[in-house]
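Visitor: let me see the structure of the following:
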Amino acid sequence: MSMFAEVAISRLLREVLAILRHVPFRIAVCLIIVGVFVLAAMAPKVLQTHDPLAIDLTSALQSPSIAHWFGTDQLGRDLYSRVVEGAGQSLAIGLGATALSMSVAMTIGGAAALSGGLLDSILSRIIDVLFAIPTLLLALVFVTVFGPSVLTEVVAVGIGTAPGYARMIRGQMLSIKGAGYVEAANVLGHPFPRIVWRHILPNAMNPLTAMMTIGVGQAIIWASGLAFLGLGVAPPAPEWGALLNAGRNYVIYAWWLEIIPGLAVTAFALSLTIMGRHLQDRLEGKR
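Guide: Okay, the predicted model is just below:
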């Protein structure tokens, strides 16, 4: 490692430690967990100890050990390296589904809140009907129609979670639309597009930031659920839900094939949820 790289890493560590000193302990723990998973997603080779796709039947179903930290699967592949490799796919699905969900929700919920009248009533009824349908059921229908793949999994989870976000966005924008400073801008004769761009959207985005943080964790859970049912990423891709699906037939003899990927999903989603709730509380306090 070069001297420049060592200096850069040491400086980065000092900055990270300085940030962690000024946040609550539970948030610091969540930041560390999320940071490790993000590192695994961006640079999996840095953390992996084996080739995640290498098959070694002589090492099949070995329990966790020094040689294989998380044990091996039915084909002798190192589970730790596969969990690390799957972090990138799971995070990409979570981010993609949340971005799609928020885009759809902003379009429908924002149009309903800003238009008012008949269009608001129609869009609100559509949102209510879709919201009454369970998220997993909507996602299952979409995947069943278009077939399992990474793209359909992202779109299915995004569409399935969009109605809930659309209701929140509509309510948030209606509240801001009736605020005193918005009414004052109307009285002063400001054009409506300018009022939306300068006043309504910026104030509506603050709580959405926390919602998106929580939404990524929820999307990863929904995507893992689809993959567990065999409607997600196809083998041998080590996406976390696919790992759970592959290990369920060996849960009696090899508990680590279910417990460890499940803990990865839980730890990542729970950390994002706690961070999102903390961010939401901070934003509400400032507001």
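Visitor: apart from its chain neighbours, what residue comes closest to the residue nearest the centre of the chain?
Guide: Residue closest to the average C-alpha location in the chain (Cα atoms, centre = their mean): V216, at 1.7 Å. Using Cβ to Cβ, 6 or more residues apart in numbering and skipping the chain neighbours, the partner closest in space to V216 is G94 (4.4 Å). (Each C-beta comes from the backbone N, C-alpha and C, glycine too.)
Visitor: part of a strand, is the one you found?
Guide: No. The assignment for G94, made by DSSP: H, G, I helix; E, B strand; the rest coil, is helix rather than a strand.
Visitor: any regions of the stretch 151-287 of the chain where pLDDT drops low?
Guide: 283-287 (pLDDT under 70).
Visitor: helices of that one, start to end?
Guide: When assigned using DSSP state H, counting those that start in this stretch, the helices of the stretch 151-287 of the chain occupy the ranges 180-187, 192-195, 201-228, 240-247, 256-286.
Visitor: okay, those, which one's buried deepest?
Guide: helix 240-247 (a mean of 26; mean count of other Cβ atoms under 10 Å).
Visitor: between it and helix 256-286, how many degrees?
Guide: Using axes from the mean of the first three to the mean of the last three Cα atoms, to 10 degrees, the inter-axis angle of helix 240-247 relative to helix 256-286 is 150 degrees.
Visitor: restrict helix 240-247 to CA atoms and write it as PDB.
Guide: Presented in PDB, the C-alpha positions along helix 240-247 are these (Å, rounded to 0.1, in the frame of the first residue of the first chain):
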ATOM      1  CA  TRP A 240     -29.900 -12.800   0.000                       C
ATOM      2  CA  GLY A 241     -33.400 -14.000  -0.700                       C
ATOM      3  CA  ALA A 242     -32.100 -16.500  -3.200                       C
ATOM      4  CA  LEU A 243     -29.700 -17.800  -0.500                       C
ATOM      5  CA  LEU A 244     -32.700 -18.300   1.800                       C
ATOM      6  CA  ASN A 245     -34.600 -20.100  -0.900                       C
ATOM      7  CA  ALA A 246     -31.700 -22.400  -1.600                       C
ATOM      8  CA  GLY A 247     -31.000 -23.200   2.000                       C
END
